[in-house]
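Enquirer: The following block contains a protein sequence and its predicted model.
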Amino acid sequence: MKKTKTYVILSLIILCSCVNSSVIITDLRCEYQNSPINIDEQNPRFTWTYQTHKTRYEQTAYKLDIALSQRDLEEGHFFWTSGKTKGNINRAEYTGNEGLESHTRYYWRVSSWDQNDQTYVSGIQCFETAMIKTSDWCAEWITDKEDKSFAPAPIFRKTFLVEKEVVSAKLYISAASYYLLYLNGEKATDVKLDPGYTHYNKRNLYSTFDISRLLQKGKNVVATVLGNGFYNADAPVATWEFEKALWRDRAKMIMEIHVEYTDGTIAIIPTDDTWKTSTGPHVYNNIYSGETYDARKEIPDWKLPYFDDSQWSLAVTVDSPSPLLVSQTMQPMRVTREIPAVSMKAFGDTVFVFDLGINLSGVCNIKLKGEEGTKVTLTHGELIKDNGRIEMRNLDIYYNPMEGIEFQTDTYFLKGEGEESFTPEFTYHGFRYVEVRSDKPVQLSKNDLTAHFIHTDLEKTGHFSCSNELLNKIWAATNQSYLSNLHSIPTDCPQREKNGWTADGHIAIDLALLNYDGILFYEKWMDDFIDNQRPEGNISGIVPTSGWGYEDWIGPVWDAALFIIPDAIERYYGDTRIIYKMYNTCEKYLYYLKSREDESGTVTYGIGDWVYYKTQTPTDYTTTCFYYWDNMLMARFAEITGHNSEPYKKKAGELKEFINKKYFNAETWTYANGSQTSQAVALALSIVPEAYEAKVAEKLNKTVVDNNYFLDFGVLGSKYVPRMLSKHGYAETAYRMATQEEAPSWGNWIRLGFTTLAETWVLSPEFRDASINHIFLGDISAWMINTLAGINYDVEHRGFEKIIIKPDYIEDLSWVKGEYKSVKGMIKSEWKREGKKITLEVSIPANTSATIFTDKEIEVGGGSYKFEFDK
């Protein structure tokens with residue numbers, strides 16, 4: 001039975017005051033970065049936020065000024081100015097007629113006017129352009145003379161002179177697939193597995209680094225090692241056919257160093273056929289199986305300037321892998337945590353099993369002593385057997401082993417010179433446990449192995465905690481799973497597949513953007529969608545792809561990422577650029593679906609509520625629902641971009657009518673087979689006629705209650721069932737379902753000791769095809785911050801221009817804390833219960849407004865507020 005809640009407001013305390021009315025324009029970013037040096041966008045975007053003690057500050061106009069020097073900016077000699085522009089949007093873009101020049105530093109600032117026409121001026125920020133156009137490159141792609149099947153990694157070096165005083169030095173580098181970079185023997189950067197993964201025959205990414213501090217007067221040397229990644233994957237993992245990729249070839253690279261001297265001259269050191277090349281200790285690397293490093297093959301001092309490379313071969317210049325070489329503006333991958341082992345169990349003196357205490361993505365560093373030639377292997381897994389040895393059956397199901405190569409296994413051959421240290425560079429694994437085996441006795445302790453957590457290094461923007469420790473652990477496990485599946489694309493799992501499954505991406509988009517500043521990351525992935533689309537308009541189920549995954553069995557529910565992710569970016573950031581960019585791709589895809597329609601005017605192929613527990617929701621129903629939703633979102637995209645939205649509205653209307661005619665039973669208030677997912681999808685996608693919404697939601701609630709408050713759904717239900725229960729007044733039901741500890745539940749995974757989310761609600765006894773580090777069932781954590789903390793955007797005012805604070809004050813909870821650093825600034829919502837009294841404290845960013853729900857709706861501007869009321 002739905003409960004009616006009654007509140008009595010006791011007090012309203014405004015914590016901020018007007019005593020200090022200063023306003024500071026802060027967090028100035030260009031292309032969502034702080035002082036970037038990698039801009040290749042001709043129309044870069046600029047954003048800012050406000051810090052103020054005013055109870056209500058409203059930006060009524062802004063002015064963006066750009067100049068070629070700080071002095072010019074201060075004196076009003078602008079390269080470009082927006083002029084005074086009315087509005088409260090804290091975002092602008094350069095729209096000047098004069099194109100930005102490559103390798104140029106620009107200075108910028110923002111002026112703002114408030115509702116009293118008072119002016120505020122920001123500090124000065126700068127950005128630097130890199131290669132604005134692909135044609136700006138003078139370097140050539142280089143490789144060695146070996147074939148793609150030759151296993152040892154190529155290494156390269158080039159010496160050059162620095163003879164004058166240096167102002168600055170920038171290095172621009174791309175590789176297919178990965179590179180290690182050294183300047184004068186020192187690692188030049190902390191990035192890992194760089195640059196990001198793309199369709200290598202369509203687009204390549206390059207990275208930009210400031211190397212000024214690494215140069216020295218006189219002779220210098222730049223040195224690299226190249227890894228294969230997805231560009232040159234050999235045959236151990238046959239399922240996704242990367243060994244057949246059209247782009248597959250020997251690893252290659254391109255680089256330019258630009259050295260600017262104090263006299264105004266610039267020296268350029270490009271890759272060309274004068275570079276020297278050889279091979280070294282990296283004798284094998286594969287993104288899935290692992291890396292083999294033979295320390296006996298190390299070349300002393302080869303990364304130093306005065307090394308004699310006269311016996312090395314000359315590099316070979318080759319064609320570019322693709323027509324596009326664009327700047328990687330998304331954050332790179334890095335080691336974000338070093339995690340020591342919590343325990344180690346020895347099985348004699350040749351087998352050791354380490355437990356890291358947490359499931360993660362990355363590699364390990366191991367310290368060893370032993371005889372020259374001793375072979376040591378590190379096999380990475382998520383489970384251990386009853387006997388304490390590593391369990392691999394849940395991971396190696398798709399692995400077709402080659403002779404001498406194991407799955408998720410790194411190999412090291414000792415050189416026999418005291419303590420040695422090994423960290424793989426060109427692979428990553430998903431694991432909690434590491435089994436170390438050696439072919440000769442070695443001595444190891446718990447302290448000899450440390451895990452390096454590697455993922456795309458996004459800024460954390462969201463936090464949640466509450467009085468229920470189980471929910472806190474689910475929240476932490478969700479975040480750990482999300483980061484473990486962030487490797488220049490959003491992946492499904494970090495071990496077995498490492499693929500950018502499209503539905504995994506769109507199902508997780510809210511928990512992603514509520515927790516991390518992900519706009520650049522997802523804009524990059526949308527570029528991959530553009531490159532992935534076939535001429536007829538269809539896309540594959542994994543993006544990028546070697547050519548695998550265009551088959552019908554995957555289908556439109558997965559493909560909906562094309563629409564859902566651009567829409568989400570606009571919802572969270574208020575930024576429409578990705579919608580303009582994706583419009584033609586989305587339009588072409590809908591033309592493709594139209595060509596696949598049946599006589600009813602719909603499409604029914606593909607998968608739907610994947611990994612359901614017991615009740616399968618009909619896939620023809622879910623496919624039709626998402627076809628409708630594609631058209632609904634496309635109509636919005638058309639309105640935003642100035643296209644005709646009527647055809648999409650008409651099609652959406654026809655599909656909605658068809659769904660309600662074929663799948664809705666108005667007497668029983670059920671859709672399709674009445675599953676939890678069927679009810680929730682219809683509600684979430686606005687398919688239910690308004691007159692029936694309450695009844696359909698009531699039926700959903702009854703379905704869950706009758707199932708003893710247990711879930712019975714798959715990936716779609718995990719996204720929509722908790723949300724729709726809460727939206728329609730059944731948050732207590734959603735909470736009881738979310739906090740179950742018996743299977744099937746999120747809590748059961750925690751009870752089993754998992755520190756990340758599993759792929760299936762229940763593991764099979766044979767552990768087949770069940771990753772323990774999947775993100776696609778994790779939207780429950782977004783539900784926590786939206787429902788329990790109550791932080792939401794207003795759908796009519798996107799980009800958190802207007803904020804909704806509407807917590808559900810769950811009876812079992814005594815306190816909840818949530819915060820989210822939006823594009824407008826920090827939003828906080830914290831409540832606690834003392835007897836019948838609820839105390840709610842809220843922080844709202846300046847230049848926004850909010851509706852706060854206590855026992856009534858209260859409209860506020862930016863500021864900090866405290867409410868006390870009885871429940």
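Expert: Done, it's in. Since the structure is predicted, the reported quantities are computational estimates derived from the model, not experimental observations.

Enquirer: All the strands of the stretch 251-400 of the chain, in order from the start?
Expert: Under the criterion DSSP state E, counting those that start in this stretch, the stretch 251-400 of the chain contains strands at 252-261, 266-270, 276-279, 282-286, 290-294, 313-314, 316-318, 325-327, 333-340, 343-347, 351-368, 375-381, 383-384, 390-391.

Enquirer: which one of the ones you listed lies closest to Tyr107?
Expert: strand 252-261 (16.9 Å; Cβ to Cβ). Glycine gets a C-beta too; all of them are placed from N, C-alpha and C.

Enquirer: returning to what we had before: quick one, which of the strands of the stretch 251-400 of the chain is nearest to Pro494?
Expert: With Cβ to Cβ as the yardstick, what comes closest out of the strands of the stretch 251-400 of the chain is strand 351-368 (3.7 Å).

Enquirer: returning to what we had before: what would the strands of the stretch 251-400 of the chain look like in a markdown table with mean pLDDT and distance to Glu140?
Expert: Output for those, formatted as a markdown table (pLDDT from 0 to 100; distance: least, Cβ to Cβ, whole Å):
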| stretch | mean pLDDT | distance to Glu140 |
| --- | --- | --- |
| strand 252-261 | 98 | 7 |
| strand 266-270 | 97 | 7 |
| strand 276-279 | 98 | 14 |
| strand 282-286 | 96 | 23 |
| strand 290-294 | 97 | 28 |
| strand 313-314 | 98 | 13 |
| strand 316-318 | 98 | 4 |
| strand 325-327 | 97 | 12 |
| strand 333-340 | 98 | 27 |
| strand 343-347 | 97 | 49 |
| strand 351-368 | 98 | 32 |
| strand 375-381 | 97 | 37 |
| strand 383-384 | 93 | 48 |
| strand 390-391 | 92 | 45 |
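
Enquirer: Need the ones you listed in JSON lines (columns: distance to Leu514 and mean neighbour count).
Expert: Putting the strands of the stretch 251-400 of the chain into JSON lines (distance: least, Cβ to Cβ, whole Å; neighbours: other Cβ atoms under 10 Å) gives the following:
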{"stretch": "strand 252-261", "distance to Leu514": "37", "mean neighbour count": "22"}
{"stretch": "strand 266-270", "distance to Leu514": "43", "mean neighbour count": "16"}
{"stretch": "strand 276-279", "distance to Leu514": "46", "mean neighbour count": "19"}
{"stretch": "strand 282-286", "distance to Leu514": "35", "mean neighbour count": "22"}
{"stretch": "strand 290-294", "distance to Leu514": "34", "mean neighbour count": "23"}
{"stretch": "strand 313-314", "distance to Leu514": "52", "mean neighbour count": "14"}
{"stretch": "strand 316-318", "distance to Leu514": "44", "mean neighbour count": "16"}
{"stretch": "strand 325-327", "distance to Leu514": "27", "mean neighbour count": "22"}
{"stretch": "strand 333-340", "distance to Leu514": "19", "mean neighbour count": "16"}
{"stretch": "strand 343-347", "distance to Leu514": "34", "mean neighbour count": "14"}
{"stretch": "strand 351-368", "distance to Leu514": "21", "mean neighbour count": "22"}
{"stretch": "strand 375-381", "distance to Leu514": "30", "mean neighbour count": "23"}
{"stretch": "strand 383-384", "distance to Leu514": "30", "mean neighbour count": "18"}
{"stretch": "strand 390-391", "distance to Leu514": "34", "mean neighbour count": "20"}
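
Enquirer: right, and those - which one's nearest Arg157?
Expert: That would be, of the strands of the stretch 251-400 of the chain and by Cβ to Cβ, strand 276-279, which comes in at 5.4 Å.

Enquirer: Contacts for the closest one, please.
Expert: The set of residues external to strand 276-279 that reach it, using Cβ atoms under 8 Å, 6 or more residues apart in numbering, is 142, 144, 152-158, 297, 299, 302, 309, 312-315.

Enquirer: repeat that for 7 Å
Expert: Asp144, Pro152, Ala153, Pro154, Ile155, Phe156, Arg157, Asp309, Trp312, Ser313, Leu314, Ala315 (Cβ atoms under 7 Å, 6 or more residues apart in numbering).

Enquirer: Adjacent strands (with direction) for that strand?
Expert: strand 154-162 (antiparallel), strand 313-314 (antiparallel) (DSSP bridges).

Enquirer: Among those, which comes closest to Val688?
Expert: strand 154-162 (59.5 Å).

Enquirer: hey, where'd the helices end up in the stretch 551-700 of the chain?
Expert: Per DSSP state H, counting those that start in this stretch, the stretch 551-700 of the chain carries helices over the ranges 556-559, 561-573, 577-595, 619-641, 646-662, 676-684, 693-706.

Enquirer: returning to what we had before: export the contacts of strand 276-279 to a markdown table and tack on distance to Asn584?
Expert: Shown next, in a markdown table, are the contacts of strand 276-279 (distance: Cβ to Cβ, whole Å):
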| residue | distance to Asn584 |
| --- | --- |
| Asp144 | 40 |
| Pro152 | 43 |
| Ala153 | 39 |
| Pro154 | 39 |
| Ile155 | 42 |
| Phe156 | 39 |
| Arg157 | 44 |
| Asp309 | 49 |
| Trp312 | 48 |
| Ser313 | 45 |
| Leu314 | 44 |
| Ala315 | 39 |
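
Enquirer: and of those, the nearest to Thr26?
Expert: Scanning those for proximity to Thr26, where the rule is Cβ to Cβ, the winner is Phe156, at 43.3 Å.

Enquirer: So what pairs up with that closest one in the strands?
Expert: Counting by DSSP bridges, the residues bridging with Phe156 are Thr224, Thr277.

Enquirer: what number of residues lie near the closest residue to Asn538 other than its chain neighbours?
Expert: Excluding the flanking residues, the one nearest Asn538 by Cβ to Cβ, 6 or more residues apart in numbering is Tyr592, at 5.1 Å. Counted with other Cβ atoms under 10 Å, residues neighbouring Tyr592 total 19.

Enquirer: Tell me who's in contact with Tyr592.
Expert: Glu536, Gly537, Asn538.

Enquirer: Output the residues you listed as CSV; include the columns secondary structure.
Expert: As requested, these are exported to CSV (DSSP: H, G, I helix; E, B strand; the rest coil):
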residue, secondary structure
Glu536, coil
Gly537, coil
Asn538, coil
